[in-house]
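>>> sequence? don't have it. structure:
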């Protein structure tokens, strides 16, 4: 599995890539990995025997490995965005032989919740479920779905294009999820058609980040009116108005207007407009109701396991 995340729709190039997540490389050590140009990138992973997850990050991206949470099968990094906000990006592998695949994920989810950090998680889950495009449902999905239902994470997988392809079998076992606060910023999730040179296909998506533009305004209540009157009086004493013709009158009006505006701007400085929180204008009560209804359908589908309930959830 290879997840490639680009910034603002640009391809994964050294000066434009937010980061690339790759997992797993099987039992290879980092110095045995071939075909990666690390000149402009750094390879982050836990120093362990035969690590199976890595995250490839552009050198221009401010990112650091969270050692105490990472393992050979789960690489977790903290990424600082343009606006100074931190998010968590994690690359995971849930091997078949692990009896409790949700242990490390639970620690990750709790960490993000306690630290109030939003998450992008990409993983080779080895779990089947029709909700994320698999052809069937296996027992491992119960652990994964139970965990996801306790969080605000949303599944980014779209369609049923296989992410794992071998000669005798094709299936969707790779999963991409993110916090709801990042859902509107992640665009174009897809299974790439380009050759991956392994049995897992490339999964691509774009993480759209708008650089913060500071907005300024003037508040008339904060105008220094004493200085305003003094500056305006000084300018008017200098100006010479000649009223007689229509053109001279219009010229005098323009000079007076310019003096008023100039005195006001000099004594009412710009103020930086502060943010108003993370509320969005398009959210409303009806959307909240629909979200609650779809969550109920998902719970019902998970409890019953019936195909008709799964279809009802997908239709919603």
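Sure, I can see it. Nothing here was measured: the structure is a model prediction, and the numbers come from that model. Residues are numbered from 1 along each chain as shown.

>>> which of the residues in the helix ranked longest in the chain are buried?
Using DSSP state H to define each element, the chain has its longest helix at helix 246-267. Going by neighbour count (16 or more other C-beta atoms under 10 Å), the buried part of helix 246-267 is 252, 259, 263-264, 267. (C-beta placed from N, C-alpha, C; glycine too.)

>>> Could you do stretch 222-234 as well?
Across stretch 222-234, burial judged by 16+ other C-beta under 10 Å covers 223, 228, 231-232.

>>> Which residue ranges make up each domain of this protein?
Recorded structural domains for the chain (assignment: automatic domain parsing) are 2-212, 216-272, 276-316.

>>> Make JSON lines out of the ones you listed and add mean pLDDT.
JSON lines is the format used below for the domains of the chain (pLDDT from 0 to 100):
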{"stretch": "domain 2-212", "mean pLDDT": "76"}
{"stretch": "domain 216-272", "mean pLDDT": "87"}
{"stretch": "domain 276-316", "mean pLDDT": "71"}
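
>>> Tell me which of the ones you listed is the most buried.
Neighbour counts (mean count of other C-beta atoms under 10 Å) averaged over each of these peak at domain 2-212, with a mean of 17.

>>> Helix, strand or coil: sort out the closest residue to residue 42 other than its chain neighbours for me.
Leaving aside its chain neighbours, residue 42 sits nearest to residue 57 (5.4 Å; criterion: C-beta to C-beta, 6 or more residues apart in numbering). Under DSSP: H, G, I helix; E, B strand; the rest coil, the three-state class of residue 57 is strand.

>>> can you check residue 69 too?
coil.

>>> wouldn't it be in contact with residue 76 here?
Yes - using C-beta atoms under 8 Å, residue 69 makes contact with residue 76 at a distance of 4.8 Å.

>>> you'd agree residue 108 is up against residue 76?
Yes - assessed by C-beta under 8 Å, residue 108 is found in contact with residue 76 at 6.3 Å.

>>> how about the helices of the stretch 51-200 of the chain, start to end?
Along the stretch 51-200 of the chain, the segments classed as helices by DSSP state H, counting those that start in this stretch run 103-115, 140-149.

>>> could you dump those helices to JSON lines with distance to residue 307?
Formatted as JSON lines, the helices of the stretch 51-200 of the chain follow (distance: least, C-beta to C-beta, whole Å):
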{"stretch": "helix 103-115", "distance to residue 307": "27"}
{"stretch": "helix 140-149", "distance to residue 307": "14"}
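
>>> for these, which one sits closest to residue 167?
Among the helices of the stretch 51-200 of the chain, the nearest to residue 167 by C-beta to C-beta is helix 140-149 (23.2 Å).

>>> Now do that closest one: which elements does it pack against?
Packed against helix 140-149 by the contact rule (3 or more C-beta pairs under 8 Å, 6 or more residues apart in numbering; DSSP states H and E) you find helix 103-115, helix 285-304.

>>> Of those, which is nearest residue 127?
Closest to residue 127 of these is helix 103-115 (C-beta to C-beta; 11.4 Å).

>>> For the closest one, which helices and strands make contact with it?
If you count contacts as 3+ C-beta pairs under 8 Å, 6+ apart, helix 103-115 packs onto strand 74-80, strand 86-93, strand 118-124, helix 140-149.

>>> So what's the gap between it and the chain middle?
18 Å (C-alpha atoms, centre = their mean, to the nearest Å).

>>> For residue 181, which of the helices of the stretch 51-200 of the chain is the nearest?
helix 103-115 (10.9 Å).

>>> So what touches that closest one?
Residues outside helix 103-115 that contact it (C-beta atoms under 8 Å, 6 or more residues apart in numbering) are 66, 69, 71, 73-74, 76, 88, 90, 92, 117-119, 121, 147, 150-151, 153, 179.

>>> and what of stretch 249-266?
So stretch 249-266 is in contact with 218, 223, 227-228, 231-232, 235-236, 239, 241-243, going by C-beta under 8 Å, 6+ apart.

>>> from these, which ones fall inside strands?
Filtering the contacts of stretch 249-266 for membership in strands, criterion DSSP state E, returns an empty set.

>>> roughly how far apart are the residue nearest to residue 239 when sequence neighbours are not counted and residue 244?
Using C-beta to C-beta, 6+ apart and skipping the chain neighbours, the partner closest in space to residue 239 is residue 255 (5.5 Å). To residue 244, residue 255 is 15 Å away according to C-beta to C-beta, to the nearest Å.

>>> repeat for residue 187
Counting by C-beta to C-beta, the gap from residue 187 to residue 244 is 64 Å.

>>> which phi and psi does the spatially most distant residue from the centre of the chain have?
Within the chain, the residue lying farthest from the chain centre (C-alpha atoms, centre = their mean) is residue 244, at 65.3 Å. Backbone torsions of residue 244, given as degrees, to the nearest 10, read phi -170, psi -70.
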